[in-house]
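Participant: take a look and give me a structure for this.
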Amino acid sequence: MKKHSKGYAKKTQKNENSNVFLSPSKGQIAISFNWIFVIIVGAVFLTFFFSIISSQTKSSDQKVSATIAKQFETILGTTSQQPGTFKTYRTSPIELNFFCDANRAISYYAIKDYPAGYTTYDVMFTPQKMQGTSMFTWTQEWNYPFSVTNFLYVTNKFQMFIVYDPGDFGSSKVSTLLEDFPSNLTVYRMNETKFPSSIVNDDVYTYVFFDSQLDDIDSVFGPENIITEKAQIVIIEPDLISNIFKSGTVYFLTGEEYDDYLRLKNNLASFDSSPYFGKASLYGAMFSGEKQNYDCNMDKAFKRLDMMNTINMYRVENAIPDISPVTNCFFLYNGSSVVQDGLKQILGNISEELENGFLGLDKDRFIHSVELLEDKNSRVSFESRCPGLY
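Facilitator: Alright, predicted model coming up:
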């Protein structure tokens, strides 16, 4: 019996020892819950702490953005009203992004990712993105044919215009193109033996060619060309060789599309293009470097042109009753079988052609009407000594 009892005791003790590992004590459970509680509280505290930091950082960024936006609004207000001026501004470290889409009727600029101001009525040609601590602004008046509005060009030292200058007859066109360009802008005249010394991918490179120079492009750059993927390429096709600024077509290519061009040499029709009208418009294409920004701002300009054209129509209509119907001035204003369309009819034709805006414009018809208006206004002013329209 003693042996049996001893064996039973050992067995019982063994089972109790086994239960130590299989079933934790209340103290161990309490310790585990304490640690879980500490971890949860710590996670909540850290999340709250970092959310405060993030909120303060965001608030600080917004305050900085608001300050820079105010600086930029001041720049817009002081320069856009002064045609023919070039100015340099020092700013806080800035990253400006410009958005303009005529199809969606939106136009604004953002500082980093924060929308900072609308540019609904500002005709402003810029790169899509600008960074740095300085800014260049240049203003040109757009007359087509009468004074319409001022075009504002905004850029900085990181935008380089690389203009192909072959050194032959094409040089005169290049010289004409650049004759009014501010000397402060970074412009490089390139040919077969003269290339930019360095290409930095963060900079904005806008290559400018005339359509008559296209045969030289592949021989200049060759298979190992220096056009980066981020480069912008603007090809100018003037309607008149004798007057490259009068009107024409600009083609927009990207660095990524350059190889496609080499395969589709002399087939520019497959690339993005837009018309230009006058010197200020052509410069707008160069500063934009891409179609969407250029088209959007030209659409704004054409809305302003439509408004000014309507005002001129009212001026002519109100003047006609006060002009003697037997004078030459009356016929030039109102039209007749002899002088054909007068100023009134020509302005009406232009108004009809502007109904669809810049994007829906019939370029040839519009140019024809503008040329008629220029001729008629000249006859009114100089030949007949009547009050001119402009």
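
Participant: is it true that Gly357 touches Lys303?
Facilitator: Yes: distance between Gly357 and Lys303: 6.7 Å, which falls inside the contact criterion (CB atoms under 8 Å). Heads up, the C-betas are built off the backbone N, CA and C, glycines and all.

Participant: got the domain ranges for this protein?
Facilitator: When the chain is parsed into structural domains using automatic domain parsing, the resulting residue ranges are 67-294, 323-383.

Participant: to Met313, which of the ones you listed lies closest?
Facilitator: With respect to Met313, and counting by CB to CB, the nearest of the domains of the chain is domain 323-383 at 4.5 Å.

Participant: any idea which residue sits dead centre in this structure?
Facilitator: In the chain, the residue lying closest to the centroid (CA atoms, centre = their mean) is Asn293, at 3.7 Å.

Participant: how much space between it and Tyr109?
Facilitator: According to CB to CB, to the nearest Å, Asn293 stands 11 Å off from Tyr109.

Participant: mutual contacts of the two, please.
Facilitator: With CB atoms under 8 Å, 6 or more residues apart in numbering applied, the overlap between the contact sets of Asn293 and Tyr109 consists of Phe98.

Participant: per-residue pLDDT, Val380?
Facilitator: If you check Val380, the pLDDT there is 87.

Participant: likewise Ile320?
Facilitator: Model confidence at Ile320, given as pLDDT, is 88.

Participant: do the same with the one 3 residues further on
Facilitator: Here the pLDDT value assigned to Ile323 is 85.

Participant: so who does it touch?
Facilitator: With contact set as CB under 8 Å, 6+ apart, Ile323 has these partners: 329-330, 333.

Participant: isn't Thr149 right next to Phe302, touching?
Facilitator: No: at 10.1 Å, Thr149 does not count as touching Phe302 under the criterion of CB under 8 Å.

Participant: neighbour count winner among these two?
Facilitator: More neighbours sit around Phe302 than around the other of Thr149 and Phe302, counting by other CB atoms under 10 Å; the figures are 24 against 21.

Participant: which residue sits closest to the more buried one, ignoring its sequence neighbours?
Facilitator: In this structure, Phe302 finds its nearest non-sequential neighbour in Phe358, 4.2 Å apart by CB to CB, 6 or more residues apart in numbering.

Participant: ok, Met135 next?
Facilitator: In this structure, Met135 finds its nearest non-sequential neighbour in Tyr89, 4.6 Å apart by CB to CB, 6+ apart.

Participant: tell me who's in contact with the one you found.
Facilitator: For Tyr89, counting by CB under 8 Å, 6+ apart, the contacting residues are 71, 75, 134-137.

Participant: can you name the two of those that are farthest apart?
Facilitator: When the contacts of Tyr89 are compared pair by pair using CB to CB, the two farthest from each other are Gln71 and Phe136, 14.6 Å apart.

Participant: comparing the two, which residue is more hemmed in?
Facilitator: Neighbour comparison, Gln71 and Phe136: the larger count goes to Phe136, with 19 against 16 (by other CB under 10 Å).

Participant: surely the more buried one is within a strand?
Facilitator: Yes: note on Phe136: a strand contains this position according to DSSP: H, G, I helix; E, B strand; the rest coil.

Participant: what pLDDT does it get?
Facilitator: Confidence at Phe136, expressed as pLDDT, is 93.

Participant: wait, what's in contact with it?
Facilitator: Taking CB under 8 Å, 6+ apart, we find Phe136 in contact with 86-89, 154-157, 182, 184-185.

Participant: if you rank the residues you listed by neighbours, which is first?
Facilitator: When the contacts of Phe136 are compared by neighbour count (other CB under 10 Å), Val154 ends up highest, at 25 neighbours.

Participant: so what's the residue count around the spatially closest residue to that one that is not a sequence neighbour?
Facilitator: With CB to CB, 6+ apart as the measure, Thr126 is the residue that lies nearest to Val154, at 4.4 Å, once sequence neighbours are left out. Residue crowding around Thr126 was assessed by other CB under 10 Å; the count is 26.

Participant: where does the stretch 151-300 of the chain dip in pLDDT?
Facilitator: For the stretch 151-300 of the chain, the stretches with pLDDT under 70 are 168-170, 192-202, 217-229, 259, 261-266.

Participant: which stretches in it count as helices?
Facilitator: Listed in chain order, the helices of the stretch 151-300 of the chain (DSSP state H, counting those that start in this stretch) span residues 170-178, 214-221, 258-263, 279-288, 291-319.

Participant: now the element after the last one, going C-ward?
Facilitator: Pointing back at helix 291-319 there. On the C-terminal side of helix 291-319, the nearest following helix or strand under DSSP states H and E is helix 328-334.
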